[in-house]
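> Quick one, fold the following:
(chains A and B)
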2 protein chains.
Amino acid sequence: MRALPLHDGARGLDDDCAVLEVGSETLILTHDAMAEGTHYRKDADMADVAWKLVATNLSDLASKGATPIGVLLGHSLGEDDARFLEGLSQALTAYDTPLLGGDTVASANPRTLGLTAIGRATHTPVPSRSGARAGDAIYVTGVLGAAMLGFEGASEHLAAFNRPVPLLREGQALAPHVTAMMDVSDGLLLDACRMAKASGACFKLDSETIPVAEAKRFDECIRWGDDYELLFTADPSARLLVPASRIGTVTLANTAALTLDGKALTPEDGLGYSHTNPA
Amino acid sequence: MRALPLHDGARGLDDDCAVLEVGSETLILTHDAMAEGTHYRKDADMADVAWKLVATNLSDLASKGATPIGVLLGHSLGEDDARFLEGLSQALTAYDTPLLGGDTVASANPRTLGLTAIGRATHTPVPSRSGARAGDAIYVTGVLGAAMLGFEGASEHLAAFNRPVPLLREGQALAPHVTAMMDVSDGLLLDACRMAKASGACFKLDSETIPVAEAKRFDECIRWGDDYELLFTADPSARLLVPASRIGTVTLANTAALTLDGKALTPEDGLGYSHTNPA
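Presented below is the predicted three-dimensional model:
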């Protein structure tokens, strides 16, 4: 897809969002889709699916420090549309994000649902994945693995999987202080590896400092994804106003983009969720 | 969906596009999806499908007199992705519209594909569906029914169905002179009825003046849709720089929103293509 005519604001398709300068404003645009069977189970409550569709897109805006303007929905009609609309309304209301428009189509099952979110940057330059510099500290908000446990049915973690929270305020507070930022959607290791590669640097992670929801399943918690925490790098002396764990240090690029406790990790280690390279 | 929190620019979801004021600029946003089995046949050339996905969205921009800025793609992966990318590249190149971003998802068949197009208004106020006034003349560009004949396999009309042309230049040239404008996607009668209702007026159409691709199938040609011509209203004295046929006159609202040769038409007459009321 990189061979297509790309907008400068597409950032080479290496980022979570497009950045569009319009007059004196900077808009942030993102589109995420969810497919039945891939992103949600056939028996899922469609109110949860609608919530998550909004939340995952707003999480991309959060990782750019943006505030939402509105969304456009690509909806495939189904029997449970009333529940879908209920969850959609809850999410749009919770994050003060109005519907701008969209399209509804008749389609057979399994369905694919899409959402485009548009936001306004609160800080420029807009954080990218590619700005991490040697010497920066690496941070992550929250704990990892809760969505995985929720997916498996653990009652105290159901909300983490079904109703993720886009960290909009945190992203806005962090944007002026980070050198790179993204949300953790596909697993900490995979997303950290992507950020390291985009930045042309090496990310050295220290497992003892990575907060996970279930210690005895550490390896899975840092690979499973769907947590929508913010992963970011900053000067170690930067005063951050958002609670986050320091989980490693950026170093100059070497043969490995990512190390854990000094051991180089490669795609063969199953870094996370990927369409082309499933963990 | 109108019960959801709506952006002011959503125009109550009664228009083809959302209108977003950003600083001194006016952006136009639209999202259209295409589902296999509903919008295209399983055996369709995916290069044509990609072209049409771009063209139908750009046609919505055309109806607002906008010039494209870029698109975001919601793509469901499939075996024929190479052909899809080929058609996508052709359409984006033809209309000088770069890719801003998007998402690719793994999904089972049948697939649904979505596209969000963003444009910049070239004239404000941006034409809406609701501005037609009693006394205005009603116009349509081109001929109607060619896409239907192309869908059926008529060789000289294949392109009309497979590779529709968004009338971007025409829309921009018309925008300063029209009172209402939209593209004809769901059939002339249905779209004219929608415009009449949105404007709180009656549209009186004269069948002898409506240009169709096959005279003996007139009734089908004005109902089938997919032609992406521009339907608009303007003061009868307005000097239009775009070839178009005058097909009727707007009158004050009365019991019927739409008449053809003096006969009131109702939804029971099968006005066009509709998800909830198929012709």
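> what does stretch A:2-14 rub up against?
A:1, A:18-21, A:29, A:128-130, A:198, B:69-70, B:85, B:88-89, B:92-93, B:97-101 (Cβ atoms under 8 Å, 6 or more residues apart in numbering or on different chains). All C-beta spots, glycine's among them, are computed from the backbone N, C-alpha and C.
> For ChimeraX, write the select line for the buried members of those.
Applied in ChimeraX, the following selects the buried portion of these according to 16 or more other Cβ atoms under 10 Å in any protein chain shown:
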select /A:1,18,19,20,29,128,129,130,198 /B:69,70,85,88,89,92,97,98,99,100,101
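> Mind checking which of the contacts of stretch A:2-14 are in strands?
Those of these mapping onto strands are A:18-21, A:29, B:69-70, B:99-101, per DSSP state E.
> Would you format those residues as CSV with distance to residue B:137 and pLDDT included?
Listed next are those as CSV, based on distance: Cβ to Cβ, whole Å; pLDDT from 0 to 100:
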residue, distance to residue B:137, pLDDT
A:18, 41, 94
A:19, 44, 95
A:20, 38, 95
A:21, 40, 93
A:29, 38, 97
B:69, 32, 97
B:70, 35, 97
B:99, 39, 95
B:100, 38, 95
B:101, 42, 92
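> And chain A, what are its domain boundaries?
Recorded structural domains for chain A (assignment: automatic domain parsing) are A:8-121, A:137-269.
> The biggest helix by length in chain A and chain B in contact?
Longest helix in chain A by number of residues (criterion: DSSP state H): helix A:46-62. No: using Cβ under 8 Å from any Cβ of the partner chain, helix A:46-62 never reaches chain B; the gap is at least 9.3 Å.
> what pLDDT, on average, does that helix get?
What helix A:46-62 shows for mean pLDDT is 97.
> swap in stretch A:262-279?
In this model, stretch A:262-279 has an average pLDDT of 70.
> what does stretch A:194-214 give?
Averaged across stretch A:194-214, pLDDT comes to 97.
> Distance check, residue A:136 against chain B.
Going from residue A:136 to chain B by Cβ to the nearest Cβ, to the nearest Å gives 26 Å.
> Test my guess that that residue contacts residue A:234.
Yes: assessed by Cβ atoms under 8 Å, residue A:136 is found in contact with residue A:234 at 6.1 Å.
> which secondary structure elements does the longest helix of chain A contact?
strand A:25-35, strand A:66-76, helix A:81-94, strand A:112-121, helix A:158-162, helix A:168-174, strand A:180-183 (3 or more Cβ pairs under 8 Å, 6 or more residues apart in numbering or on different chains; DSSP states H and E).
> quick check, nearest of the ones in strands among the contacts of stretch A:2-14 to residue A:43?
Of all these, residue A:43 sits closest to residue B:101, with 31.5 Å by Cβ to Cβ.
> what sits against the closest one?
Taking Cβ under 8 Å, 6+ apart, we find residue B:101 in contact with A:10, A:13, A:15, A:17-18, A:29-31, B:72-73.
> run the last query once more with 6 Å
A:10, A:18, B:72 (Cβ atoms under 6 Å, 6 or more residues apart in numbering or on different chains).
> and what of residue A:246?
A:137, A:139.
> do residue A:271 as well
Residue A:271 makes contacts with A:189-190, A:193, as judged by Cβ under 6 Å, 6+ apart.
> Name the stretch from the helices and strands packed on helix A:46-62 that approaches residue A:220 most closely.
The nearest among the helices and strands packed on helix A:46-62, by Cβ to Cβ, is helix A:158-162 at 13.9 Å.
> coming back round to it: could the helices and strands packed on helix A:46-62 go into TSV alongside distance to chain B?
Listed next are the helices and strands packed on helix A:46-62 as TSV, based on distance: least, Cβ to the nearest Cβ, whole Å:
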stretch	distance to chain B
strand A:25-35	4
strand A:66-76	4
helix A:81-94	5
strand A:112-121	4
helix A:158-162	18
helix A:168-174	16
strand A:180-183	14
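> can you tell me which residues contact the most centrally placed residue in chain A?
Closest to where the C-alpha atoms of chain A average out (Cα atoms, centre = their mean) is residue A:183, at 3.1 Å. Contacts were defined as Cβ under 6 Å, 6+ apart; by that measure residue A:183 touches A:59, A:63, A:228, A:230.
> My understanding was that residue A:168 contacts residue A:64; is that so?
No: Residue A:168 lies out of contact with residue A:64 (Cβ atoms under 6 Å); the separation is 10.3 Å.
> Among those two, which residue is more densely surrounded?
Each of residue A:168 and residue A:64 has its neighbours counted (other Cβ atoms under 10 Å in any protein chain shown); residue A:64 has more, 29 against 22.
> Before I go, just wanted to say thanks for your time.
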